[in-house]
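Chemist: Below is the sequence, then the predicted model.
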Amino acid sequence: MQTKKLYEGRGHTWYMFARDPERPQNIIDTNQYMVRAGKEAILLDPGGIELFPAMLAAIVHHIPAEHITHLFASHQDPDIISSLGLWDKTLPHAQLHAPWLWEGFLRHFGCNHIEYKAIPDEGQSLRLGGVELQFIPAHYLHSSGNFHVYDPVAKILMSGDVGAALLPEANTPLFVENFQEHTQYMRGFHQRWMPSNRAKDDWIRRVRTLDIEYLAPQHGSIFQGDDVKRFLDWFEALEVGTGVKGN
Amino acid sequence: MKPDDDEILLKISGFSVTAVTVAAQLSAVLSEARNISLEAMNARALVARAGDNVRTFRPITDYMIELASDTIRLVQEINHEALKLSRVALKRLDVAEAKRRFQHAQRLAQSASYLADMRPLVHQARQDELQQQRQLKHHLRQLTELLDEIELRMLAAHVVAATSRQEAATVEYTYKVGLEGIVNKLETAAERIRSIAHKSRSLLRNNQY
């Protein structure tokens, strides 16, 4: 598992965990993120059950496991959080922040000890050490109950499946290197997985008001600097919900 | 992962499927037990109608009714225990899977600064596995004992059926046919229960790991 420090400030650090070499070929590649602030840390979209050993091993290179006090699940998909049952054994005193809509569903993964902190539809903030993380609504992008995480100090938006790309095995850079070339790996994903143009436009309008240096999706490469604006423009022009063929 | 880990997990998984299958098979036994109860009631009604003509049959029907109610109680206990065993078997699979993943993480983290953090997790996973294994053995023993008991009861039912048949042969023809019909149904239900219990016991025995 590759680890990349995305941001290191006075009060907190962002890590990205990705490109697990042990990942079975038929499992979609995912990016996991961790924000550490003092003796507290939050795992953002900690990943599927198949990825759990590699994730836990990667984390204890940087912090003691008991410092992970929070988990965040942007939505209910198995590649996001099917490892929950194992985190529940590892971090029985942690809190899981996830959409209220999915509580009864996510508990199927096993959540006997971890406290489920339901995020209301309008979103909310979490203080981690001295840092404020904002859970930004991203409903219908793609899940009906969906949030992203924004850190105004690090200027990072963890954007879940928005900005995701299905990269070929031979070319998996951690950062977008050539935006135009990169769009070929995003187009089909966004058109099919994102169901609502209205939800997309609303999200873009809100996100444009944020100061973002890194737009960090759960699959593919991270957008940095001007590529963030390029992505928003590209996404705005894209027709989504193409799975429906009829009128 | 080591190949023997794979093999063990497959065996545990196989046993949990067996336990669930056995629970499903045994649920069918309850309706057979109710059939025994019904035939016992029919026998009692027939004996009451026949009066002195079938006097010797009365203690047999009383015994049939007692056997039927014991059988229903025992079958309910068996169903309950079989479901418990299937749940424990699935939990056993769950903890084995968790232990495998924690051990894998420990192997991957060999050079990590906080490798020591992994030890209590792996230790706890082993403890959970041992505890679930003990639970599984306990419930397996309970179920096997109950299955033994029901097989013995059904042997007793066969004896009752044989005695009843002999008694039925001595009564008036009008009642003889009715009583023989009841005895046949009793015997069929008892045989079905015995056969399912026997099959379940064999399945559990042959799939232990």
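Modeler: Yep, it's here.

Chemist: At the contact with chain B, which residues of chain A appear?
Modeler: By the rule CB under 8 Å from any CB of the partner chain, the part of chain A lying against chain B is A:49, A:52-54, A:56-58, A:60-66, A:85-86, A:89-90. Backbone N, C-alpha and C define where each C-beta goes, glycine included.

Chemist: List only buried entries from those residues.
Modeler: Buried members of the residues of chain A next to chain B, counted by 16 or more other CB atoms under 10 Å in any protein chain shown: A:49, A:52-54, A:56-58, A:60-63, A:65, A:85-86, A:89-90.

Chemist: OK, contacts around residue B:56?
Modeler: Counting by CB atoms under 8 Å, 6 or more residues apart in numbering or on different chains, residue B:56 touches B:167, B:170.

Chemist: Which residue lies nearest the spatial centre of chain B?
Modeler: The centre of chain B sits closest to residue B:78, judged by CA atoms, centre = their mean, with a distance of 4.4 Å.

Chemist: Hmm, I typed the wrong one, I wanted chain A.
Modeler: residue A:160 (3.6 Å).

Chemist: where does the residue lying farthest from the centre of chain B fall, phi/psi-wise?
Modeler: Seen from the C-alpha centroid of chain B, the residue lying at the greatest distance (CA atoms, centre = their mean) is residue B:113, 51.2 Å away. Main-chain dihedrals, residue B:113, degrees, to the nearest 10: phi -60, psi -30.

Chemist: Please tell me I have it right and it contacts residue A:61.
Modeler: Yes: in this structure, residue B:113 is within contact of residue A:61 by CB atoms under 8 Å, at 6.1 Å.

Chemist: before we move on, the earlier item: looking at this, the residue nearest to the centre of chain A is in a strand?
Modeler: No: under the criterion used here (DSSP: H, G, I helix; E, B strand; the rest coil), residue A:160 is coil, not part of a strand.

Chemist: Test for you: state the pLDDT assigned to it.
Modeler: pLDDT for residue A:160: 98.

Chemist: Check residue B:172 too.
Modeler: On the pLDDT scale, residue B:172 gets 84.

Chemist: Report the buried residues of the longest helix anywhere in chain A.
Modeler: Using DSSP state H, we find that the single longest helix of chain A is helix A:179-193. For helix A:179-193, burial by neighbour count (16+ other CB under 10 Å) applies to A:182, A:183, A:185, A:186, A:189, A:190, A:193.

Chemist: one step back: show me the residues of chain A next to chain B that map onto helices.
Modeler: Counting by DSSP H, the residues of chain A next to chain B contribute A:52, A:53, A:54, A:56, A:57, A:58, A:85, A:86, A:89, A:90 to helices.

Chemist: For chain A, which residues score under the pLDDT cut-off?
Modeler: By pLDDT under 70, the low-scoring segments of chain A are A:246-247.

Chemist: try 90
Modeler: For chain A, applying pLDDT under 90 flags the ranges A:1, A:20-25, A:169-171, A:243-247.

Chemist: ok, residue A:123 to chain B distance?
Modeler: The gap separating residue A:123 from chain B is 33 Å, by CB to the nearest CB, to the nearest Å.

Chemist: Ok, residue A:74 next?
Modeler: Here the criterion is CB to the nearest CB. By it, residue A:74 lies 23 Å from chain B.

Chemist: That residue touches residue A:160, doesn't it?
Modeler: Yes: with contact defined as CB under 8 Å, residue A:74 counts as touching residue A:160 (4.0 Å).

Chemist: Which neighbours do the two have in common?
Modeler: Both residue A:74 and residue A:160 are in contact with A:45, A:80, A:138, A:146, A:147, A:148, A:218, where contact means CB under 8 Å, 6+ apart.

Chemist: Residue A:160 against residue A:145, yeah?
Modeler: No: counting by CB under 8 Å, residue A:160 stays clear of residue A:145, with 11.7 Å between them.

Chemist: so what sits against both of the two?
Modeler: Listed as contacting both residue A:160 and residue A:145 by CB under 8 Å, 6+ apart are residue A:75.

Chemist: Mind jotting down where the strands sit in chain A?
Modeler: Applying DSSP state E to chain A gives strands spanning A:2-8, A:13-18, A:32-37, A:40-44, A:68-72, A:95-99, A:115-119, A:124-128, A:131-137, A:147-151, A:156-158, A:214-216, A:223-224.

Chemist: May I see the buried residues of the helix or strand of chain B with the lowest mean pLDDT?
Modeler: Within chain B, no helix or strand scores below helix B:3-27, which has a mean of 77 by mean pLDDT, DSSP states H and E. Neighbour-count burial for helix B:3-27, counted by 16+ other CB under 10 Å, picks out B:9, B:12, B:13, B:15, B:16, B:18, B:19, B:20, B:21, B:22, B:23, B:26.

Chemist: and what of stretch B:134-141?
Modeler: B:135, B:136, B:139, B:140.

Chemist: how far away is the residue lying closest to residue A:102 once chain neighbours are set aside from residue A:17?
Modeler: Among residues not flanking residue A:102 along the chain, residue A:76 sits closest, at 4.2 Å (CB to CB, 6 or more residues apart in numbering or on different chains). With the distance defined as CB to CB, to the nearest Å, residue A:76 ends up 21 Å from residue A:17.

Chemist: same thing with residue A:35?
Modeler: Applying CB to CB, the value for residue A:35 to residue A:17 is 12 Å.

Chemist: quick revisit: of all the strands of chain A, which lies closest to residue B:188?
Modeler: Closest to residue B:188 of the strands of chain A is strand A:115-119 (CB to CB; 53.0 Å).

Chemist: now the angle between strand A:124-128 and the closest one, please.
Modeler: 140 degrees (axes from the mean of the first three to the mean of the last three CA atoms, to 10 degrees).

Chemist: ok, strand A:115-119: who's next to it in the sheet?
Modeler: Paired with strand A:115-119 in the same sheet, following DSSP bridges, are strand A:95-99 (parallel).

Chemist: quick one, the partner strand and strand A:147-151 angle?
Modeler: Calculated by the same axes, to 10 degrees, strand A:95-99 forms an angle of 120 degrees with strand A:147-151.

Chemist: Show me how far strand A:95-99 is from its chain's centre.
Modeler: Distance, stretch centre to chain centre, for strand A:95-99: 13 Å (CA atoms, centre = their mean, to the nearest Å).

Chemist: Just the CA trace of that strand, in CSV.
Modeler: Written as CSV, here are the backbone C-alpha positions of strand A:95-99 (Å, rounded to 0.1, in the frame of the first residue of the first chain):
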residue,chain,number,x,y,z
GLN,A,95,-17.2,6.9,16.3
LEU,A,96,-18.5,6.3,12.8
HIS,A,97,-19.7,9.5,11.0
ALA,A,98,-22.0,8.5,8.1
PRO,A,99,-25.3,9.6,6.5
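
Chemist: Can you tell me what sits against that strand?
Modeler: Residues contacting strand A:95-99 (CB under 8 Å, 6+ apart): A:42, A:69-76, A:81, A:84, A:106, A:111, A:114-119, A:126, A:135, A:143, A:145-147.
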